[in-house]
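Novice: Sequence and computational prediction follow.
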Amino acid sequence: MTYSIEIDQICKTYRGVGYEVKALRNVSMKINTGEMTAVVGTSGSGKTTLLNILGLIDSPDSGTYRLGDIDTGECTETERAGLRNSRLGFILQEFALIDRYTVEQNIKIPLLYSNVPKREWNMRIDAMLDKLGIAEKKKRRPAELSGGQKQRVAIARALISQGDVILADEPTGALDSRTSLEIIDLFQRIKSENKTIVLVTHDHDIAAECDRILHIEDGRLYED
Ligand SMILES: Nc1ncnc2c1ncn2[C@@H]1O[C@H](COP(=O)(O)OP(=O)(O)OP(=O)(O)O)[C@@H](O)[C@H]1O
């Protein structure tokens, strides 16, 4: 059986002059394709560190991480960048949109680093805008959008390269509770297209909408 994500005995320690922080301690988990998993934990417990490792932004000190059938520890930096662009979609804290770009330009960014032929870009962007219900905002800039609309743009940007694993850091953190639930509904729709979603959240109501809840405490992972 191949899991979408399989990590085994991952450790990560941050070291500097006079300090050492064990951010992840022997973390193991398997996530199936099409599962929506919440990672919850208090501030400083290791959630972002885990997400950065899953996103191939950072590497563990020890342990293995398989993305589908690929052992990422065996990959070169170029191969990791290739996986980031083709397999993964990121939704970062506070949307992380570029203010001076329009909605369309923001969504286009991952395509610049992908293998998607240029002639397909406009069609893909329009289809994605339609799907997320923000087609009329195409030429607007982030400052002209509501929080929920900004988050939809961030989700569109994460989905545009058609990666199969979506990693989201506090995707509802900046939204009121009604808009948060709308965004979670959207995730559930995305999930039904066989995407694997891992989201970090402080919000237990949001976590409760996921298929699984993983808790991190002081760098250790527990499942409900
Ligand atoms: N670059 C770094 N250098 C040193 N220590 C770090 C670094 N990044 C994170 N840490 C430490 O590692 C631990 C885990 O941090 P991490 O950002 O993963 O937590 P988190 O659960 O995402 O927290 P929050 O919910 O506040 O974002 C914390 O103690 C943090 O201070």
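Specialist: It's in. Residues are numbered from 1 along each chain as shown.
Novice: Could you tell me which residues of this structure lie near the ligand?
Specialist: Residues of the chain found near the ligand, taking CB under 6 Å from any ligand atom as the criterion, are 14, 21, 23, 41, 43, 44, 45, 46, 47, 48, 49. Every C-beta, even on glycine, is put in place using the N, C-alpha and C of the backbone.
Novice: Which residue ranges of the protein form strands?
Specialist: For the chain, applying DSSP state E gives strands covering 5-16, 19-31, 36-40, 62-67, 70-71, 88-91, 165-169, 196-201, 212-217, 220-223.
Novice: how about those strands in JSON lines, adding mean pLDDT?
Specialist: Supplementary listing: the strands of the chain in JSON lines, determined by pLDDT from 0 to 100:
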{"stretch": "strand 5-16", "mean pLDDT": "96"}
{"stretch": "strand 19-31", "mean pLDDT": "96"}
{"stretch": "strand 36-40", "mean pLDDT": "95"}
{"stretch": "strand 62-67", "mean pLDDT": "97"}
{"stretch": "strand 70-71", "mean pLDDT": "96"}
{"stretch": "strand 88-91", "mean pLDDT": "91"}
{"stretch": "strand 165-169", "mean pLDDT": "94"}
{"stretch": "strand 196-201", "mean pLDDT": "94"}
{"stretch": "strand 212-217", "mean pLDDT": "96"}
{"stretch": "strand 220-223", "mean pLDDT": "94"}
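Novice: can you list those strands in CSV and add mean neighbour count?
Specialist: Listed next are the strands of the chain as CSV, based on neighbours: other CB atoms under 10 Å:
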stretch, mean neighbour count
strand 5-16, 16
strand 19-31, 16
strand 36-40, 23
strand 62-67, 18
strand 70-71, 13
strand 88-91, 22
strand 165-169, 23
strand 196-201, 25
strand 212-217, 18
strand 220-223, 14
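Novice: Settle this for me: residue 126 is touching residue 135, isn't it.
Specialist: Yes: under the contact definition of CB atoms under 8 Å, residue 126 touches residue 135, with a separation of 7.1 Å.
Novice: Figure out which of the strands of the chain is closest to residue 99.
Specialist: strand 88-91 (17.3 Å; CB to CB).
Novice: How far does that closest one sit from its chain's centre?
Specialist: The gap between where strand 88-91 is centred and where its chain is centred comes out at 4 Å by CA atoms, centre = their mean, to the nearest Å.
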